[in-house]
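In: okay, here's the prediction I keep looking at, along with the sequence it came from:
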Amino acid sequence: MQPFEYLNVEQAAALMQQGAVVVDIRDENSFALGHMPGSIQLDTHSVSQFIQQADLDAPTIVVCYHGHSSQSAAAWLNSQGFDRVYSMDGGFTQWAVQFPDRVEIG
């Protein structure tokens, strides 16, 4: 059994409406230039604090540039006890194309 599931940007948007947590693993500068609303930027320095404070049962969507790096990050979060982890196909790049009005800057 795979430790995470894949979803597309439409499914991610629907899951966000239900309160999913979105973690963005892109670098800080890319995140500042644009990210999904309410997402949390995670890197090697912030991930342990995030895990300590996270609701491990909450749906968690992992986002990267194109949907490749998010797969290994989602599997790793699952190994850390996250129950419902998703890797978003197409990454933030696809999100910005599909939902340009749903991009936060800063």
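Out: Noted; the coordinates are in hand.
In: show me what contacts Asn8?
Out: Met88, Asp89, Gly90, Gln94 (Cβ atoms under 8 Å, 6 or more residues apart in numbering). Just so you know, the C-beta spots here come from the backbone N, C-alpha and C atoms, and that holds for glycine as well.
In: among the residues you listed, who's most crowded?
Out: Among the contacts of Asn8, Met88 has the most neighbours (other Cβ atoms under 10 Å), with 28 neighbours.
In: what are the ranges of the strands in the chain?
Out: Assigned by DSSP state E, the chain shows strands spanning 5-7, 21-24, 40-41, 60-63, 85-88.
In: how close does the closest residue to Leu33 other than its chain neighbours get to Thr93?
Out: Closest residue in space to Leu33, ignoring its immediate chain neighbours: Ile105 at 6.7 Å, by Cβ to Cβ, 6 or more residues apart in numbering. According to Cβ to Cβ, to the nearest Å, Ile105 and Thr93 sit 16 Å apart.
In: and for Ala13?
Out: Ala13 is 15 Å from Thr93, by Cβ to Cβ.
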